[in-house]
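[1] A structural model of the following input is requested.
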Amino acid sequence: MRILLVSQMYPGPGDPDLGVFVAQLERALADRGHEIQRAVLDSRAGGKTRHLTLARRARAAASSFRPDVVYAHFLFPAGLAASLASNVPLVVTAHGQDVRNIGAVPGVGTGTRWVVRRARAVVAVSQYLRGELEAKIPEARGKIEVVDCGVDLERFGPRPAPDGPTAFLCVGGLTERKNVLRLASAFERARGPGETLTFVGAGPLRSQLDGREALVVADPVPHGEIPDWIARAHVVCQPSLIEPFGQVLLEAMACGRSVVATRVGGPPELVVAGAGVLVDPTDEDALADALRCAAVLPCPNETACAAAAVHDVKVQARRIEAILERATQS
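    Numbers count the residues shown, from 1 in each chain. The predicted structure follows:
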C-alpha cells in the first residue's frame, strides 16, 4: 500500500522524543513492504500556525504522492488535516489528549465529529479511550478498533537487575497530571536506606522536586537513551491522575521491570498480576504501599516481560495493516 502518514507529533532534530511511538509504528509498517510518505510536525515550536502548516503539508503530500490510504495520528488537528487533504480512505488513531480536548477546547468537538464521520476506521490505543471517545462522539460507535502503538522489543528487552538498594524511576513530564509531587511524597514516606527515586523529564513542577533528599531530577533524554535509564532502575513508576495508555510502562515491562501504575485509564489493560502494582493515584498512603510492594517483586520480572511481548510493535503493525487494507476495500 501507499500510505500517507499525517501526524502533529513526530521526532525531529530539536525534539527527538516527540511522537516516537508514531515513528516506531511507521518503521514497522515500512518493514512490511509498504511505501510511506509523511506529512508531519517534528517540532513543538510554531504556536497555532503549526496546525495550518500541517494542513498544507498534508494537502501537498496527498497531491504528489497519490496514496491508497491516509493514516493520521490524533483526531484533531492531524485527523482534520488528513481528512481535508484527499478523498482517499482515511484511518485515524486517537491517543488521549485529542479525546480529552473534546468539549474542553472550542471547535475540537465539531472538528472531531467531521473526522469520525469521514474516517473508514478509528483506532483507539486502549479500551478505556475507546469508551471515552464513544461517550463524547456517539458517531464513533461501530468504527473503533483498539490497537496500541506497541513496543520495540529489539530496543526494549530484558536487562539484568542493577546492584544496590531499590532504585525507582519516573519518566515523563513534571506536571500535575503525571502526579509527580504525590509520588515524591509517597517515596519519602516509604523509602528504605539507600533507595532513590529519579525523575527524567521537564515541566513546571521541577522546582518543587529539586533538592529533596534521595531524589534525582534529570533533564529529558532522547528516546534511544530510555532503555539505559530503565536498566538502572528496579521499579518504574507512572501513577498519573489519568493515563490513556502508558507507553513508558510498556517499555519498562519489556525491559523486565516491575511497575507502579495508575488505575485510571489504560494501564489496567497492560499491567497483569505479578507485573506490577496498580494504585489509586490520589491516595498517597496506597501509593507508598505500592512502592514497597513493587520493590519486592522479581527483577528482572519475567511476568512483566511476557505481558509486554503481547504488544510487540511488529504484531501491532500487522493489525494496523489489516485495518488500512480493509479501509481501501470498503
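[2] please enumerate the strands of the stretch 51-200 of the chain.
    69-73, 90-94, 121-124, 144-146, 167-171, 196-200 (DSSP state E, counting those that start in this stretch).
[3] measure the closest residue to residue 141 other than its chain neighbours to residue 116 for me?
    In this structure, residue 141 finds its nearest non-sequential neighbour in residue 134, 5.1 Å apart by C-beta to C-beta, 6 or more residues apart in numbering. C-beta coordinates here come from the backbone N, C-alpha and C atoms, glycine included. Remark: distance between residue 134 and residue 116 (C-beta to C-beta, to the nearest Å) = 10 Å.
[4] what residues do those two have in common as contacts?
    Contact criterion C-beta atoms under 8 Å, 6 or more residues apart in numbering; residues shared by residue 134 and residue 116: residue 140.
[5] compare neighbour counts for these two and give me the winner.
    Each of residue 134 and residue 116 has its neighbours counted (other C-beta atoms under 10 Å); residue 116 has more, 22 against 18.
[6] tell me which residue of the protein is furthest from the middle?
    residue 193 (33.2 Å; C-alpha atoms, centre = their mean).
[7] burial count for the closest residue to it other than its chain neighbours?
    Leaving aside its chain neighbours, residue 193 sits nearest to residue 165 (6.5 Å; criterion: C-beta to C-beta, 6+ apart). When counting by other C-beta under 10 Å, one arrives at 14 neighbours for residue 165.
[8] before we move on, what about the one 4 residues further on?
    Other residues within reach of residue 169, judged by other C-beta under 10 Å, total 26.
[9] pLDDT at the most centrally placed residue in the chain, what is it?
    With distances taken as C-alpha atoms, centre = their mean, the residue of the chain nearest its centroid is residue 247 (4.1 Å). Here, the pLDDT recorded for residue 247 equals 96.
[10] again with the one 4 residues further on
    Confidence per residue is given as pLDDT, and for residue 251 that number is 98.
[11] and if you look at the one 3 residues further on?
    The predicted local confidence for residue 254 comes out at a pLDDT of 98.
[12] quick one: the helices in the stretch 201-330 of the chain, in order.
    226-231, 247-254, 284-295, 302-309, 313-329 (DSSP state H, counting those that start in this stretch).
[13] nearest to residue 31, out of these?
    helix 313-329 (7.5 Å; C-beta to C-beta).
[14] give me the contacts around the closest one.
    Under C-beta under 8 Å, 6+ apart, the answer for helix 313-329 is 1, 3, 24-25, 28-29, 31-32, 34, 68-69, 71, 88-91, 120-121, 123, 145, 147-153.
[15] same thing but at 6 Å, please
    Residues from elsewhere that reach helix 313-329 (C-beta atoms under 6 Å, 6 or more residues apart in numbering): 24, 28-29, 68-69, 89, 91, 120-121, 147, 150-152.
[16] angle of it against strand 69-73?
    130 degrees (axes from the mean of the first three to the mean of the last three C-alpha atoms, to 10 degrees).
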